[in-house]
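In: Dropping the sequence and predicted coords here.
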Amino acid sequence: SHIPSSVRFFWLPTNPINLMSPNPSPDFNLVSVHTHHCVVDGRLLPLSYLRVLFKLKRTDARFITEKYILNSLMMFITWITPFCTV
């Protein structure tokens with residue numbers, strides 16, 4: 001174990017989060033990332049926490065295509081199938 005004066009943890013002040021890709025999900029776009037650092041006194045050492053808030057926006061084109069167009073097409077095929085004769 002270490003005494004608190006000999007060990008100090010800190011996060012990078014300007015950019016503590018580095019993302020591998022700017023758009024990690026095909027369903028959402030990353031709008032912003034906010035971070036907040038806090039230190040809590042633990043039993044042996046002060047504990048360092050980094051709170052991260054991701055603000056996401058849904059990609060509208062993909063959502064509309066998957067939810068509405070595909071469902072409408074399925075309903076259309078379902079209604080027409082009984083009238084089709086081979």
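Out: Great, that's in hand.

In: Return the residues in contact with the closest residue to residue 22 other than its chain neighbours.
Out: Computed as CB to CB, 6 or more residues apart in numbering, the closest residue to residue 22 that is not its neighbour in sequence is residue 30, at 6.3 Å. The way it works is simple: take the backbone N, C-alpha and C, and place the C-beta from them, glycine included. Shown in contact with residue 30 (CB atoms under 8 Å, 6 or more residues apart in numbering): 19, 22-24, 54-56.

In: Then residue 11?
Out: Contacts for residue 11 (CB under 8 Å, 6+ apart) come out as 35, 37, 48, 50.

In: Which helix or which strand is home to the last one?
Out: Assessed by DSSP states H and E, residue 50 sits inside strand 46-58.

In: Please name every helix or strand in contact with that strand.
Out: Identification of packing neighbours for strand 46-58 by 3 or more CB pairs under 8 Å, 6 or more residues apart in numbering; DSSP states H and E yields strand 28-41.

In: tell me which residues in the strand it packs on are buried?
Out: Of all the residues in strand 28-41, those buried under the rule 16 or more other CB atoms under 10 Å are residue 28.

In: How far off centre is it?
Out: Per CA atoms, centre = their mean, to the nearest Å, the displacement of strand 28-41 from the mean C-alpha position of its chain is 12 Å.
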